[in-house]
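> Based on what follows, work out the 3D shape:
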Amino acid sequence: MPKVEIYTTPTCPYCHAAKSLLAEKGVPYEEVPVLDPELRMAMTERAHGRRTVPQIFIGDTHVGGYDDMAALDRRGQLDPLLAR
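Alright, predicted model coming up:
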């Protein structure tokens, strides 16, 4: 299973939803809180300019935010990505 990283902030409801979806699937993830401006900048660079949270990475693949990950799940494309 590839490494899953999720950039978050504590009060973001989409961050909580993304973590819940991953937890439901039994997927371990590394949470990176981006309260520090330097971490936020690093996330933005890695996410190709996207500044909102969450930003989710599965291995080297930038999934996007919660809505993007949920759409992948609805299309049946999330599980294969997690199984690589």
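
> For stretch 40-48, buried residues please.
For stretch 40-48, burial by neighbour count (16 or more other C-beta atoms under 10 Å) applies to 40, 43-44, 47. All C-beta spots, glycine's among them, are computed from the backbone N, C-alpha and C.

> nope, stretch 75-84 is what I meant
For stretch 75-84, burial by neighbour count (16+ other C-beta under 10 Å) applies to 78, 81-82.

> just those residues now: which is nearest Val4?
Using C-beta to C-beta, the shortest approach to Val4 within those belongs to Leu82, at 7.3 Å.

> Give me the local confidence score for that closest one.
The model reports Leu82 with a pLDDT of 96.

> Kindly report the same for Met1.
Met1 is assigned 87 on the pLDDT scale.

> can you offset everything so residue one is 84?
That works, and once the first residue is 84, the last one we named lands at Met84.

> tell me the contacts of it?
110-111, 165-167 (C-beta atoms under 8 Å, 6 or more residues apart in numbering).

> Let's have the residues you listed in JSON lines, adding secondary structure.
Formatted as JSON lines, the contacts of Met84 follow (DSSP: H, G, I helix; E, B strand; the rest coil):
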{"residue": "Val110", "secondary structure": "coil"}
{"residue": "Pro111", "secondary structure": "coil"}
{"residue": "Leu165", "secondary structure": "helix"}
{"residue": "Ala166", "secondary structure": "helix"}
{"residue": "Arg167", "secondary structure": "coil"}
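
> For the spatially most central residue of the chain, list each beta-bridge partner.
Centroid check for the chain by C-alpha atoms, centre = their mean gives Ile139 as the closest residue, at 1.9 Å. Taking DSSP bridges, one obtains Ile89, Gly147 as the residues bridged to Ile139.
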